[in-house]
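Participant: A structural model of the following input is requested.
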Amino acid sequence: MPQLPLQTLSRQAFAPFGEVIMLEGARHYPINQGTTERFHALAMADTQTQDGKTILSVFRAQPRALPLAIEVMECHPLGSQAFVPLTSDKDDEYLVVVAPPGEFAADQMQAFICKGLQGVNYARGVWHHPLIALHKQSDFIVMDRIGEGFNCDEIALDGSWTVG
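Facilitator: All right, here's what the predicted structure looks like:
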């Protein structure tokens, strides 16, 4: 059974799949008479297709046990999709499994371990596994597209690939 190695999430390693949303290394400056620090343009939403709008939601994920069989992947052809954990604990973890856009290729999947202070923004069309929380129930702010057109393609896998 093939197993995906877990990589540490970094901007460089994740670049082929989208953007990492984190404060470390971000452009920032004081605003509001110095009472607030703005971490500017951490990611760009790609949702402005015809009849599309950007929305914010909260997803509550139940923890999953490892190793985890990869049985489904999905992609959003009409817009990006961002996940930002609602935690202040850098030790909270979740997993991201991705594959390049286009025709799905299981042998091109990659898996990343994400810390609680990191979010991800999947680029339009990037294949990804549904949310994988670890250790505890976890809430995420999700930014994605709503509107006309079908924006979620899913592919069922045989579960022969595992992560963790």
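Participant: who's in contact with Leu78?
Facilitator: Thr47, Thr49, Gly52, Arg124, Arg145, Gly147, Gly149, Phe150, Asn151 (C-beta atoms under 8 Å, 6 or more residues apart in numbering). Backbone N, C-alpha and C define where each C-beta goes, glycine included.
Participant: If you could redo that for Glu154, that was the one I meant.
Facilitator: Taking C-beta under 8 Å, 6+ apart, we find Glu154 in contact with Val72, Met73, Glu74.
Participant: Could you pull out the buried residues of the helix or strand where the second one lies?
Facilitator: Met73 is part of strand 72-75, with elements assigned from DSSP states H and E. The neighbour-count check on strand 72-75 (16 or more other C-beta atoms under 10 Å) flags Met73, Glu74, Cys75 as buried.
Participant: Likewise for stretch 83-94?
Facilitator: So, applying 16+ other C-beta under 10 Å, buried residues of stretch 83-94: Phe83, Val84, Pro85, Thr87, Asp92, Glu93, Tyr94.
Participant: The contacts of Glu154 into JSON lines, with extra columns for distance to Leu134 and pLDDT?
Facilitator: Output for those, formatted as JSON lines (distance: C-beta to C-beta, whole Å; pLDDT from 0 to 100):
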{"residue": "Val72", "distance to Leu134": "18", "pLDDT": "98"}
{"residue": "Met73", "distance to Leu134": "19", "pLDDT": "98"}
{"residue": "Glu74", "distance to Leu134": "20", "pLDDT": "98"}
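Participant: any idea which of the buried residues of stretch 83-94 is closest to Phe104?
Facilitator: Looking at the buried residues of stretch 83-94 and their distance to Phe104, the nearest is Phe83, at 20.1 Å (C-beta to C-beta).
Participant: Which elements pack onto the helix or strand that contains the closest one?
Facilitator: In this structure, Phe83 sits in strand 81-85 according to DSSP H and E. Packing partners of strand 81-85 (3 or more C-beta pairs under 8 Å, 6 or more residues apart in numbering; DSSP states H and E): strand 18-21, strand 119-122, strand 138-147.
Participant: Any chance you could list what contacts the last one?
Facilitator: Counting by C-beta under 8 Å, 6+ apart, strand 138-147 makes contact with 45, 47, 49-61, 63, 76, 78-87, 92, 94, 119, 121, 131, 151, all of which sit outside it.
Participant: This protein: helices as residue ranges?
Facilitator: Taking DSSP state H as the criterion, the chain carries its helices at 11-14.
Participant: And the residue of it positioned farthest from its centre, its phi and psi?
Facilitator: Distance from the centre of the chain peaks at Gln33, with 33.6 Å (C-alpha atoms, centre = their mean). Note on Gln33: its backbone torsions stand at phi 60, psi 30 [degrees, to the nearest 10].
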